[in-house]
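Student: The sequence and its predicted three-dimensional model are supplied below.
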Amino acid sequence: MALTGIDIFKFLPKTNCGECGIPTCLAFAMKLAARQIELAACPYVSDEAKEKLEEASAPPIRVVSIGAGEDVLKVGGETVLFRHEKTFINPPGIAVQITDTMSEEEVGSRLKSYSSLEYERVGLILKPDLIAIKSTNGDASKMEALVKKAKSAGAKKLILMSSDAGVLSAALNHCAEDKPLLYAADKGNIDSLGNLAKEKNCSLAVRGDSLDEVATLTGKLTEMGLKDLVIDSGARDLKQLLEDQVAARRSALNNFRPLGFPSITFPCEMTSNPMKETLIAGTLVAKYAGIIVLSDLQGHSLFPLLVERMNIYTDPQRPMATTEGIYEINNPTKDSPLIITSNFSLTYFIVSGEVESSRVPCWMLIKDTEGLSVLTGWAAGKFVADAIAPFVKKCGIEEKINHKTLVIPGAAASISGELEEELPGWNIQIGPREAAYLAPLLKNWKAA
Ligand code: SF4
């Protein structure tokens, strides 16, 4: 059971020193119970109290790391059922599976896709995360060969799949330092895989025939001292899997610890139709998968999944924002046009993309509107004349250009008069409402 604020308060020093950023220990305890602050924020909690408070401060779904050093994928750590309640924390890892029954070409093409498929969107790099290496016939030497191939293709975040501890142990001879996820302990091999995971300090997936069985197995592994577990309810039918995903998340949020672990899912085992597999994966991105294992990576199906994942795991309370400042596009000179827009990332990337493809050298001012778009920023008083003028004066653009003509977005046309008053000597030009019409304006642009 989770501790209440009063329970937690009993373990705190009660000095009300405020070093945690909260004025009193009682208020800190309440925040900790509500999972709004980390226990580490109080430097005076004793080790004994820390151990007891771990349950209260830990997220209901454990964070599990796969990989080592800086190249680590974190899954789990979720605290809500619905994204709009707060935010989802760690996006699901997307894996591609290679097996010892595949031809050299099939393995090679999957590894090539894994290394080469990468997309940039709103300043973020989107790409697949993991290689799942599966032994189907218990041949350790084949498993070892696959691990070596994956590593030579640059893969460091691995899932090793076999029910045989001997096969996994052989594979670990080549990648134990990368801290792969071992898949999967079940009721038949729980002791051998549990001991191997403990010995090698690796995370371990648990597979049952139902959530009840998974809960029993995770309970046993926890007693063995294993903490970093990933769960698989065994369902390979979408309806059942979806029910299990939701039931596991609900149970975990109600502090049922045996299911408080991220899940691993296998769309690759649920259909042989690539389109259907992508749709299943898309469902699992939205409904709580920690890891999604695909049979192959194709740009036309991977890209939408990565964008869906990015959208769902973007904090709805914090708009994506670009840093305020002066941006140079297409090597501008002192006589190049100057435009301004808001720092909502989508606005920035759309506008800068249009300017870039126009090939017209251009200066671009990005005004901090706390991530709001032009129109919303205007309505909120953040993209208005008396906010823009001080920024233009202080940002240093006047030293970089020979003119004083500023193109503002058409959506903010109403501020042009006021802006001219706030910026004496400047000429304000009204640009198009849509970024798509910027190119003709820039090509024919003349300073006033
Ligand atoms: Fe209390 Fe610790 Fe916060 Fe100080 S830092 S007020 S002791 S909880």
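Tutor: Alright, I've got the coordinates. This structure is a prediction, so every number in the text was calculated from the model and none was measured. Numbering: from 1, shown residues only.
Student: ok, the residue lying closest to residue 366 once chain neighbours are set aside - how many residues close by?
Tutor: Distances taken as CB to CB, 6 or more residues apart in numbering put residue 343 closest to residue 366, at 4.9 Å, once the chain neighbours are dropped. In short, each C-beta sits where N, CA and C put it, glycine included. As a burial measure, residue 343 scores 24 neighbours (other CB atoms under 10 Å).
Student: same check, this time on residue 186
Tutor: Counted with other CB under 10 Å, residues neighbouring residue 186 total 18.
Student: wait, it sits on residue 163?
Tutor: Yes. Taking CB atoms under 8 Å as the contact criterion, residue 186 and residue 163 are neighbours in contact, 6.7 Å apart.
Student: Next, work out how far apart the residue nearest to residue 366 and residue 322 are.
Tutor: Between residue 343 and residue 322 the distance is 5 Å, computed by CB to CB, to the nearest Å.
Student: shared neighbours of the two, anything?
Tutor: Between them, residue 343 and residue 322 share these contacting residues under CB atoms under 8 Å, 6 or more residues apart in numbering: residue 366.
Student: on that earlier part again, now do the residue nearest to residue 366 against the ligand, distance only.
Tutor: For residue 343, the distance to the ligand (CB to the nearest ligand atom, to the nearest Å) stands at 35 Å.
Student: Check the secondary structure at residue 66 for me.
Tutor: Secondary structure, DSSP: H, G, I helix; E, B strand; the rest coil: residue 66 is strand.
Student: wait, doesn't it sit right on residue 159?
Tutor: Yes. Between residue 66 and residue 159 there is a contact at 7.4 Å, judged by CB under 8 Å.
Student: Give me the more crowded residue out of these two.
Tutor: Neighbour count, other CB under 10 Å: between residue 66 and residue 159, residue 66 has more, with 28 against 24.
Student: which residues touch the more buried one?
Tutor: Counting by CB under 8 Å, 6+ apart, residue 66 makes contact with 72-73, 75, 93, 130, 157-159, 179-181, 203.
Student: Please repeat the previous calculation with a cut-off of 10 Å.
Tutor: 72-75, 93, 95, 129-130, 156-159, 178-181, 202-203, 228, 230, 262, 290-291 (CB atoms under 10 Å, 6 or more residues apart in numbering).
Student: likewise residue 123?
Tutor: 320-323, 345, 348-349 are the contacts of residue 123 under CB under 10 Å, 6+ apart.
Student: quick one: which two of those are the most distant?
Tutor: Greatest spatial distance in those: 323 and 349, 13.1 Å, computed using CB to CB.
Student: The two: who's more crowded?
Tutor: With other CB under 10 Å as the criterion, residue 323 and residue 349 differ in neighbour count, and residue 349 comes out ahead with 17 against 10.
Student: tally of neighbours for residue 412?
Tutor: For residue 412, the neighbour count with other CB under 10 Å is 23.
Student: does it sit in a helix, a strand or a coil?
Tutor: Applying three-state DSSP to residue 412 yields a three-state assignment of helix.
Student: Repeat that for residue 133.
Tutor: Using three-state DSSP, the three-state assignment for residue 133 comes out as strand.
Student: ok, it to residue 375 distance?
Tutor: Counting by CB to CB, the separation of residue 133 from residue 375 is 50 Å.
Student: For residue 415, grab phi and psi.
Tutor: Dihedral angles of residue 415 (phi, psi; degrees, to the nearest 10) stand at phi -90, psi 0.
Student: For it, give me its contacts.
Tutor: 378, 383-389, 408-409, 422, 428, 430.
Student: quick one: which of those residues has the most company?
Tutor: Taking other CB under 10 Å as the neighbour criterion, residue 383 ranks highest of these with 28 neighbours.
Student: I'd guessed it sits against residue 367; true?
Tutor: Yes. Proximity of residue 383 to residue 367 meets the contact threshold set by CB atoms under 10 Å, at 6.3 Å.
Student: and for the two, which residues touch both?
Tutor: If you check residue 383 and residue 367 against CB under 10 Å, 6+ apart, the residues they both contact are 340-343, 374, 377.
Student: Save those as CSV, and put in secondary structure and distance to residue 104 too.
Tutor: Output for these, formatted as CSV (DSSP: H, G, I helix; E, B strand; the rest coil; distance: CB to CB, whole Å):
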residue, secondary structure, distance to residue 104
340, strand, 55
341, strand, 51
342, strand, 52
343, coil, 49
374, helix, 53
377, helix, 55
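Student: and those, which are buried?
Tutor: Of all the shared contacts of residue 383 and residue 367 considered here, the ones buried according to neighbour count by 16 or more other CB atoms under 10 Å are 340-343, 374, 377.
Student: out of those, who's nearest residue 315?
Tutor: Using CB to CB, residue 343 is the member of these that sits closest to residue 315, with 16.1 Å.
Student: quick one: contacts for that closest one?
Tutor: Shown in contact with residue 343 (CB under 10 Å, 6+ apart): 319-325, 366-373, 377, 382-383.
Student: same deal with residue 305?
Tutor: Residues near residue 305 by CB under 10 Å, 6+ apart: 92, 94, 126, 128, 267, 278-279, 281-282, 284-285, 292, 294, 297.
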